[in-house]
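**Student:** Mind folding the following:
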Amino acid sequence: MTFMRHTAFCIAMAALPLSAQAGPGHSPRAEWTGRGMNLTEAQQSSIKAIRDKHRPDLLLRRDAAKQAQTALQAALQDSTTPEAQLRSLHDKASAARFDLMLAQRSLHQEVQAILTPEQRAKAAERHALARVKRQERMRHLRMAAGMPG
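**Tutor:** Just a heads-up that it's a prediction; the model follows:
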C-alpha cells in the first residue's frame with residue numbers, strides 16, 4: 001500500500017508543473033511579476049507582444065506534455081505494460097516537458113532583455129522567494145502524504 005501511495009504521489013508531483021500553467025490570455029504570474037517592477041509603457045507593450053508571440057507555441061507544447069504524461073500514467077496503471085514501453089513513454093513525457101521548458105526559457109530570455117539591470121535583480125529576487133514558497137508547499141504535501149519532509 002505504501003508503495004502505491006508513493007508512486008501515485010510521485011506521478012502527481014511530476015504533473016504539478018504542467019497544471020500550474022496559465023491558460024490562454026491569462027497569466028497571474030506575469031501580472032504579479034509586473035507589479036512593483038516600475039515597467040515603462042514601452043516595456044509593458046513589448047512584454048505583452050513577446051508573450052502573445054510565444055503563446056501559441058507554449059500552448060501546443062503544454063498540451064503535448066500533458067498528453068505524454070497522461071499516456072505514461074495510464075501505462076503505469078496497467079500491470080501488463082512491458083517495461084520497454086514504459087521507458088519509451090517516460091522518455092516521450094520527459095522530452096515533451098523539456099521542450100516546454102525550452103520554450104518557456106526562450107520567452108523568459110526575451111523578456112529579460114527588455115528589463116533594466118535593477119528590474120532583472122528585482123525579478124530574480126521575486127523568483128527566489130516564489131521558489132522558497134513552492135518548496136515549502138511541496139514539503140507540506142509530502143508530510144500530508146505520510147512521506148518524510
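
**Student:** Please, where are all the strands along the chain?
**Tutor:** With DSSP state E, there are no strands along the chain.

**Student:** quick check: longest helix of it.
**Tutor:** In the chain, ranked by residue count with DSSP state H as the criterion, the top helix is helix 41-77.

**Student:** Show me which residues of that helix are buried.
**Tutor:** By neighbour count with 16 or more other CB atoms under 10 Å, helix 41-77 contains the buried residues 43, 46-47, 50-51, 54-55, 58, 61-62, 64-66, 68-69, 72-73, 75-76. In this view, the C-beta of every residue, glycine as well, is placed from N, C-alpha and C.

**Student:** got it, and stretch 103-110?
**Tutor:** For stretch 103-110, the neighbour count (16+ other CB under 10 Å) marks 103, 104, 107, 110 as buried.

**Student:** which one of these is nearest residue 143?
**Tutor:** residue 104 (29.1 Å; CB to CB).

**Student:** does that closest one really touch residue 58, like I thought?
**Tutor:** Yes - using CB atoms under 8 Å, residue 104 makes contact with residue 58 at a distance of 6.8 Å.

**Student:** thinking again about what came up before, can you give me the mean pLDDT across the longest helix of the chain?
**Tutor:** Per-residue pLDDT over helix 41-77 has a mean of 97.

**Student:** Figure out how far that helix is from the centre of its chain.
**Tutor:** Here the centre of helix 41-77 is set off from its chain's centre by 9 Å, with CA atoms, centre = their mean, to the nearest Å.

**Student:** Same question for stretch 66-78.
**Tutor:** With CA atoms, centre = their mean as the basis, stretch 66-78 stands 18 Å off its chain's centre.

**Student:** Repeat that for stretch 89-96.
**Tutor:** Its chain's C-alpha centre and that of stretch 89-96 lie 15 Å apart, by CA atoms, centre = their mean.

**Student:** Check stretch 69-89 too.
**Tutor:** Centre-to-centre, stretch 69-89 and its host chain are 22 Å apart (CA atoms, centre = their mean).

**Student:** can you check stretch 87-107 too?
**Tutor:** Chain-centre distance of stretch 87-107: 10 Å, with CA atoms, centre = their mean.
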